[in-house]
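Asks: Any chance you could fold what I've pasted below:
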Amino acid sequence: MTAFAVRPGSSRQLAGTGILLRFALRRDRLMIPVWVAVNALMVLSMPGTLEGLYGTAAERADLVRQMETNSSLRAMVGPVFGDSLGALTAWRVGIYAGALAAVMSLLVVVRHTRDEEESGRQELVASGMVGRRASLTAALLAAAVANAVLALLVAAGLAGRGTTGALALGLGIAGVGMVFATMAAIVAQLTESARLARGLTAAVLGTAFVLRAAGDSATDDGSSILTWLSPLGWLENVRPYASERWWVLALLAGAVALQGAVAYALAGRRDLGMSFLPTRPGPASGRLGSAGALAWRLQRGGVLGWSVGFFLAGVVYGGMAEGAADLVGDNAGARRIFERMGGQSGLTDAFLASMVGMLGLIAALYIVASVLRLHGEETSGRAEPVLANAVGRLRWAAGHLVIAFGGAALIMLLAGLGFAVGYGKEAGPILGACLVQLPAVWVIGGVAVLLHGVLPRAALAAWGVAGAVLLIGWVGPALDAPQAVLDVSPFGHLPKLPGGSMAWGPVLVLTGVAVLLVAGGLAGLRRRDMTT
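Replies: A predicted model of the protein is given here:
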């Protein structure tokens, strides 16, 4: 192909980068703004929330003292390095903003590199006057644009709390995003599957969070070697609003430069569509003799990863329950936020209910990803050989949907078991609290099925639905949003357990809505043409 005939090191290696960048930004004109807006809103809303909770210097100083002795909550949100509202904002949301920026970045890079190769579109693009490394460069630049806008919004929005600290926090968040963008670029060269590239990069992000949590639980100043092994630990050690460490930003920049160089070197040494770790071919008989078995083979890695993650999250959050009560103490504002998110009785129950609700919101991301595997199989052309045999569309779809909806039940059950292990008390109430999240999770999955079946070109909008629900659930209670806004999310109608009273009406209604959405999506899939 023309694009691969250029000499190594020639400027023609980057020919067409500008056009591909504009195309990438146009394709992501909805996804990138939503991710950036959600992340920026989460950060910028926090100073006002904290001011309402800890309005005096004495209250903020007392919070800092309590965090120094509360290792379980340090593992959750990191150490606090100052008692100003800016420093507390960086402490409360910095790590999570960095993690969201990382997820956004890896999705953007994989979508415009390995996804394009897997679908065959990159081969068509490469047949024109496009350089060998243009696609990779455009993908990284698209991620850089998204992170730069996020950094600008954070820095501008928090400038009133201190320009220097705001700039440090914005650059730190963007730096973490670019570290995982370049990491995703490397993984996209190593793997033959976009799904595997996303999964492996997300696994690295999860490992980074665990390392940081382990390190922060051991020390109260972010000095643990485990913390320094994690890019999220680097972000907290920038210390915005607390004698900023600018040299840590150089560490982030160095990691971006090094990983980018590795990605470029790998991209120059492989053929289009190939990978350094090719997928191992497997048998097409025996346990793969049915559509459901094939769906399980394709999704079992994701189910296993989510299951382990939810169980460990349950153990961690269950162990934090008593510490949360000690931290909030008599603070009425903090108690009110926990109660809006969770239960309405004791503070420990309220904390447990809010954490269960948070995992329910995250489970909505799992079910959307699992349902949209149908969309990926269809658009990549892999569904056609399956459907060309004695396999109907409904049976093909049912294999993936059983894993999506049943997998959601499995991960919430394991989360409940994790809570029971970490909390060390009766397992029944917390298991029930986890399982009661399922009707709302299934409604989000039903929306994804409906979009795929009726409007396949708009199927990816299911991510926007899940993101909106996530935003309402996480930020709404902290902003004291009206109940009408919270009720837009199906999670707003669930009983708040443990601690609240069980209400079967909303649970049954949401389950019925989920059934209707799935039925509508399957009816649409049965009647429409298959897309490629």
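Asks: Show me where the stretch 401-532 of the chain has its helices.
Replies: Taking DSSP state H, counting those that start in this stretch as the test, the helices found in the stretch 401-532 of the chain are 427-435, 438-454, 461-475, 483-486, 504-527.
Asks: Give the rounded mean pLDDT of the shortest one.
Replies: Pointing back at helix 483-486 there. In this model, helix 483-486 has an average pLDDT of 76.
Asks: buried sites along that helix?
Replies: Using 16 or more other Cβ atoms under 10 Å as the test for burial, helix 483-486 gives Leu486. C-betas here are computed from N, CA, C, even on glycine.
Asks: chain center to it, what's the gap?
Replies: Mean C-alpha position of helix 483-486 versus that of the full chain (Cα atoms, centre = their mean, to the nearest Å) differs by 24 Å.
Asks: Equivalent analysis for the third one, please.
Replies: For helix 461-475, the gap between its own C-alpha mean and the chain's C-alpha mean amounts to 11 Å (Cα atoms, centre = their mean).
Asks: Mind giving me the packing neighbours of it?
Replies: For helix 461-475, the elements it packs on are helix 31-44, helix 347-371, helix 438-454, judged by 3 or more Cβ pairs under 8 Å, 6 or more residues apart in numbering; DSSP states H and E.
Asks: do the first one as well
Replies: Judged by 3+ Cβ pairs under 8 Å, 6+ apart, helix 427-435 is in contact with helix 347-371, helix 393-423.
Asks: how about these, which one is nearest Ala253?
Replies: Nearest of the helices and strands packed on helix 427-435 to Ala253, taken as Cβ to Cβ: helix 347-371 at 29.9 Å.
Asks: Report the inter-axis angle for that closest one versus helix 438-454.
Replies: If you take axes from the mean of the first three to the mean of the last three Cα atoms, to 10 degrees, helix 347-371 sits at 20 degrees to helix 438-454.
Asks: Quick check: Ala242 touching Thr89?
Replies: No. Between Ala242 and Thr89 there is no contact under Cβ atoms under 8 Å: 11.3 Å.
Asks: Compare those two and say which one has the larger neighbour count.
Replies: The residue with more neighbours, out of Ala242 and Thr89, is Thr89; 28 against 19, by other Cβ atoms under 10 Å.
Asks: helices or strands up against the host helix or strand of that one?
Replies: Per DSSP states H and E: Thr89 is located in helix 85-111. Applying 3+ Cβ pairs under 8 Å, 6+ apart, one finds that helix 85-111 contacts helix 31-44, helix 46-53, helix 57-69, helix 71-77, helix 134-157, helix 163-190, helix 194-218, helix 231-237.
Asks: returning to what we had before: okay, the helices of the stretch 401-532 of the chain in CSV with distance to Met412 next?
Replies: Shown next, in CSV, are the helices of the stretch 401-532 of the chain (distance: least, Cβ to Cβ, whole Å):
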stretch, distance to Met412
helix 427-435, 5
helix 438-454, 6
helix 461-475, 15
helix 483-486, 21
helix 504-527, 14
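Asks: Least reliable of those by average pLDDT, please.
Replies: Among the helices of the stretch 401-532 of the chain, helix 483-486 has the lowest mean pLDDT, at a mean of 76.
Asks: outside of stretch 422-435, which residues touch it?
Replies: With contacts defined as Cβ atoms under 8 Å, 6 or more residues apart in numbering, stretch 422-435 is touched by 314-321, 352-353, 356, 359-360, 409, 412-413, 415-417, 419-420, 497-498, 502.
Asks: Go ahead and build a PyMOL selection from the buried members of the residues you listed.
Replies: The PyMOL command for the buried members of the contacts of stretch 422-435 (criterion: 16+ other Cβ under 10 Å) is given here:
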select buried, resi 314+315+316+317+318+319+320+321+352+353+356+359+360+409+412+413+415+416+417+419+420+497+498
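Asks: shaky segments in the stretch 151-300 of the chain?
Replies: For the stretch 151-300 of the chain, the stretches flagged by pLDDT under 70 are 271-289.
Asks: check which helix or strand covers Val303.
Replies: Assigned by DSSP H and E, Val303 belongs to helix 291-328.
Asks: Quick one: list the elements packing against that helix.
Replies: Contacts defined by 3+ Cβ pairs under 8 Å, 6+ apart place helix 291-328 against helix 57-69, helix 71-77, helix 194-218, helix 332-341, helix 347-371, helix 373-379, helix 393-423.
Asks: out of those, deepest packed?
Replies: Greatest average neighbour count among those goes to helix 347-371 (a mean of 25), per mean count of other Cβ atoms under 10 Å.
Asks: Check whether Gly418 really touches Gly319, as I assumed.
Replies: No. Counting by Cβ under 8 Å, Gly319 is not a contact partner of Gly418; they are 9.6 Å apart.
Asks: so which of the helices of the stretch 401-532 of the chain comes closest to Trp228?
Replies: Nearest of those (Cβ to Cβ): helix 461-475, 28.1 Å.
Asks: Give me the angle between the closest one and helix 85-111.
Replies: Using the same axes, to 10 degrees, helix 461-475 lies at 170 degrees relative to helix 85-111.
Asks: Which residues does helix 461-475 contact?
Replies: Here helix 461-475 makes contact (Cβ under 8 Å, 6+ apart) with 30-31, 34-35, 38, 41-42, 45, 341, 357-358, 361-362, 364-365, 368, 371-372, 444, 447-448, 451-452, 481, 485-486, 488-492.
Asks: sorry, back to before: any chance of the helices and strands packed on helix 291-328 in TSV, with distance to Ala188 too?
Replies: Listed next are these as TSV, based on distance: least, Cβ to Cβ, whole Å:
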stretch	distance to Ala188
helix 57-69	39
helix 71-77	31
helix 194-218	5
helix 332-341	37
helix 347-371	18
helix 373-379	16
helix 393-423	24
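Asks: Out of those, which gets the lowest mean score?
Replies: Lowest mean pLDDT within those: helix 332-341, a mean of 54.
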